[in-house]
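A.B. asks: Take this sequence and fold it.
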Amino acid sequence: MSNADARQQIGVLYTEHHSWLASWLSHKLHCKNLGADLAHDTFLRILGSRLPADLREPRAYLTTIAKGLLNSHLRRKKLEEAYLDALAAIPEPVQPSAEERLVVLETLGEIDRILDSLPAKARQVFLLAQLDGLPYADICALLDISLSTVKRHMVLAFRHCLAAL
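C.D. replies: Numbering: from 1, shown residues only. Prediction:
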C-alpha cells in the first residue's frame, strides 16, 4: 500500500469513526476535552505506524490503540497524584519550588514512558525488585517463575533503562 493510499484510508477511518471514538473516550474519562485529546492522539499514533492491510473491525482497532493511550494517561495521572500527595505531607518550608516540582513530574513521566516500553512481565519484575524491594526469591514465588527468568527480566530492564539514558 502506498503512502497516499494509507493516508487516504486513515482519512476515511478518521471521518467515519473519530466522533464515535471521542465520545467513547469522553464517557470513560468523564471529560469531553480529554476524550477529544486522546481520540486525536489515537489517530496521531495510527499516522506514525502502519495500518493493517485488511482492517475489518476498525472500531476494535481504534479501541485497542485508545485503551493503551488511556491506560498510559491514567498511570501518569496516578503517578502525579501520588507525588502531589507526598508533597502535601511535607512541611511547608521544605517543599520544593514549582520549578522543582515540574522537573520531578517530567522525570517521573519519562521514567514511566521508559518502563512502559518494556514487556509487561519484565516491567513487573523490575518494579517489584526496585520499588517494592523484594528479593529475587520472593519475586519467583509471587509470580511463579524461575530465578533465571527473574534475572533475565532484570537484565533486560536494566539494559533498557541504560539505553534510554
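
A.B. asks: buried sites along stretch 126-137?
C.D. replies: Using 16 or more other CB atoms under 10 Å as the test for burial, stretch 126-137 gives 126, 128-129, 134, 136. Where C-beta positions appear, they are placed from N, C-alpha and C, glycine not excepted.

A.B. asks: helices and strands around the helix ranked longest in the chain, which ones?
C.D. replies: For the chain, the longest helix by residue count, based on DSSP state H, is helix 58-88. For helix 58-88, the packing partners by 3 or more CB pairs under 8 Å, 6 or more residues apart in numbering; DSSP states H and E come out as helix 3-29, helix 32-47, helix 98-116.

A.B. asks: what is the mean pLDDT for it?
C.D. replies: On average, the pLDDT along helix 58-88 is 89.

A.B. asks: Centre of the chain to that helix, how far?
C.D. replies: Using CA atoms, centre = their mean, to the nearest Å, the distance from the centre of helix 58-88 to the centre of the chain it belongs to is 6 Å.

A.B. asks: Can you give me the buried ones in it?
C.D. replies: Using 16+ other CB under 10 Å as the test for burial, helix 58-88 gives 58, 61-63, 65-66, 69-70, 72-73, 76, 80.

A.B. asks: Between those, which sits nearest Leu142?
C.D. replies: Using CB to CB, Ser72 comes nearest to Leu142 of the buried residues of helix 58-88, at 24.8 Å.
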